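Asks: pasting the sequence and the predicted model now:
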Amino acid sequence: MSSLPSAPSTVRVDAWLWAIRAYKTRSAATAACRAGHVRINGNPAKASQSLVPGDTVRVRQPGYERILEVRRLIAKRVGAEAASHCFTDHTPPRPAAPALGLPQRDRGTGRPTKKDRREMERLRGLG
């Protein structure tokens, strides 16, 4: 944790989400706040809203929602390991995707023939 800069007194939520690597760019974090995908303690968050340690930040991302508790404030982007010390992830584990049971082609067998393609479409219920 020594690689983290000293903690600022206040940090914008969009800057914090970018710094902990929840979003690739700060503008993406700002857009998520504007779109209503970020909530702080259950309330919709504006990008300029300040965070304090102990806040719960819910970030809706495609397919799931991350629940993060603020442990430390940082405004600059740091390495992934250092960033992981700044929050506690309370996100429940995602359920495993159901196995479709479709046969897989062996690697290196080349392109499927027309017969193979028709068989695959029949198995998928498309043909």
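Replies: Noted; the coordinates are in hand. Numbers count the residues shown, from 1 in each chain.
Asks: distance of the residue sitting furthest away from the middle of the chain relative to residue 56?
Replies: Distance from the C-alpha centroid of the chain, by C-alpha atoms, centre = their mean, peaks at residue 115 (40.6 Å). Between residue 115 and residue 56 the distance is 56 Å, computed by C-beta to C-beta, to the nearest Å. (Each C-beta comes from the backbone N, C-alpha and C, glycine too.)
Asks: do the same with residue 28
Replies: 21 Å.
Asks: and what of residue 71?
Replies: 11 Å.
Asks: so what's the closest residue in space to residue 84 that isn't next to it in sequence up against?
Replies: Nearest non-adjacent residue to residue 84, counting by C-beta to C-beta, 6 or more residues apart in numbering: residue 20, 7.9 Å away. Listed by C-beta atoms under 8 Å, 6 or more residues apart in numbering, the contact set of residue 20 reads 68, 74, 83-84, 86-87.
Asks: TSV please, covering these and showing distance to residue 45.
Replies: Below are the contacts of residue 20 laid out as TSV (distance: C-beta to C-beta, whole Å):
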residue	distance to residue 45
68	12
74	17
83	19
84	21
86	17
87	15
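Asks: and the furthest pair within those residues?
Replies: Using C-beta to C-beta, these reach their maximum pairwise distance at 68 and 74, which is 12.9 Å.
Asks: thinking again about what came up before, and the residue nearest to residue 84, its phi and psi?
Replies: phi -90, psi 0 (degrees, to the nearest 10).
Asks: again, but for the one 3 residues further on
Replies: Phi and psi for residue 23, reported as degrees, to the nearest 10, are phi -130, psi 150.
Asks: ok so, going back, show me which of residue 68 and residue 74 is the more surrounded one.
Replies: More crowded of residue 68 and residue 74, by other C-beta atoms under 10 Å: residue 74, with 23 against 20.
Asks: quick check: phi and psi at the closest residue to the more buried one other than its chain neighbours.
Replies: Excluding its sequence neighbours, the residue lying closest to residue 74 (C-beta to C-beta, 6+ apart) is residue 19, at 4.7 Å. The phi/psi pair for residue 19 (degrees, to the nearest 10) reads phi -70, psi -30.
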